[in-house]
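Q: Predicted model, plus sequence, below.
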Amino acid sequence: VITVYRDYYMLKKFFVAVGLLWAFVLPAQDSIQLSEITLKPEERHPNICETVTGLLSSNAYNKLEIDDALSKKVFKEFLGDVDYTRSFFLQADIDEFLKEENRIDDYLRSGKVDFPFKVYNLFLKRADNRIQFTYSLLKDSMDFSVNDSFEVRRQDAPWCKTQAELDRLWTNKIKYECLG
């Protein structure tokens, strides 16, 4: 029951965030697309990162070991939060991100905050691509006579390897949503 609730909650959070972005931010811009948005660290972010990391590793009641094991844990949680349903990033994206997996502890101590922005900016591009793909699907009539399936709980599913595989996943997802 908890897993089902978390799945529902994460999907709901995603669609609420996209809806708010679409409703309030995008109309203020002249039809800007998500792929045109590039988030950048502010000047204060490195200082905040270093300060919080220092406090957690030295002054906290339960001191946190800032090491490669923590890096791996943070990496996994972060990607899980950004693409919980594993339906935006491709395996090639994940392979590229994996190069940074053991460096997160170093980034935290030195105040380097570029990695999460890099991941999230790519997510925005992928989300924009999925929005455009969904629009194109909804313009055409979908064939519901084909026996397709869609795995709702995808947090442990493998990442799609190709764009064609991702398109198939999204076609089945949209059909599922239309029938639901």
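A: Good, I have the coordinates. Numbering: from 1, shown residues only.

Q: lowest-pLDDT helix or strand in the protein?
A: Least confident helix or strand, the chain: helix 26-28 with a mean of 48, by mean pLDDT, DSSP states H and E.

Q: could you point out which element follows whichever helix in the chain runs longest?
A: What stands out as the longest helix in the chain, according to DSSP state H, is helix 114-139. The helix or strand immediately downstream of helix 114-139 is helix 163-179, counting by DSSP states H and E.

Q: Mean confidence (pLDDT) on that next one, please.
A: Mean pLDDT, computed over helix 163-179, is 93.

Q: which helices and strands does that helix pack with?
A: helix 114-139 (3 or more Cβ pairs under 8 Å, 6 or more residues apart in numbering; DSSP states H and E). Backbone N, C-alpha and C define where each C-beta goes, glycine included.

Q: What residues of the helix it packs on count as buried?
A: Neighbour counts using 16 or more other Cβ atoms under 10 Å place 115-116, 119, 121-130, 133, 137 of helix 114-139 among the buried residues.

Q: So for residue 39, what's the pLDDT?
A: 87.

Q: From residue 175, how far off is the spatially most central residue of the chain?
A: By Cα atoms, centre = their mean, the chain has its centre lying nearest to residue 82, at 2.3 Å. Per Cβ to Cβ, to the nearest Å, residue 82 is found 25 Å from residue 175.

Q: Could you pull up the residues touching the residue nearest to residue 123 when sequence neighbours are not counted?
A: Distance criterion Cβ to Cβ, 6 or more residues apart in numbering; nearest residue to residue 123, sequence neighbours excluded, is residue 82 at 5.3 Å. The contact partners of residue 82, by Cβ atoms under 8 Å, 6 or more residues apart in numbering, come to 119, 120, 123.

Q: What pLDDT does the model give residue 62?
A: Looking at residue 62, the pLDDT reads 75.

Q: Tell me the confidence at the residue nearest to residue 123?
A: 95.

Q: which other residues reach the following helix or strand past the least confident helix or strand of the chain?
A: Next in sequence after helix 26-28, counting helices and strands by DSSP H and E, comes helix 44-54. Residues outside helix 44-54 that contact it (Cβ under 8 Å, 6+ apart) are 66, 107, 108, 109, 110, 111, 112, 113.

Q: just checking, the first one touches residue 73?
A: Going back to what we said before, that points to residue 66. No. With contact defined as Cβ atoms under 8 Å, residue 66 does not count as touching residue 73 (11.2 Å).

Q: quick one, which of these two is more surrounded?
A: residue 66 (19 against 11; other Cβ atoms under 10 Å).
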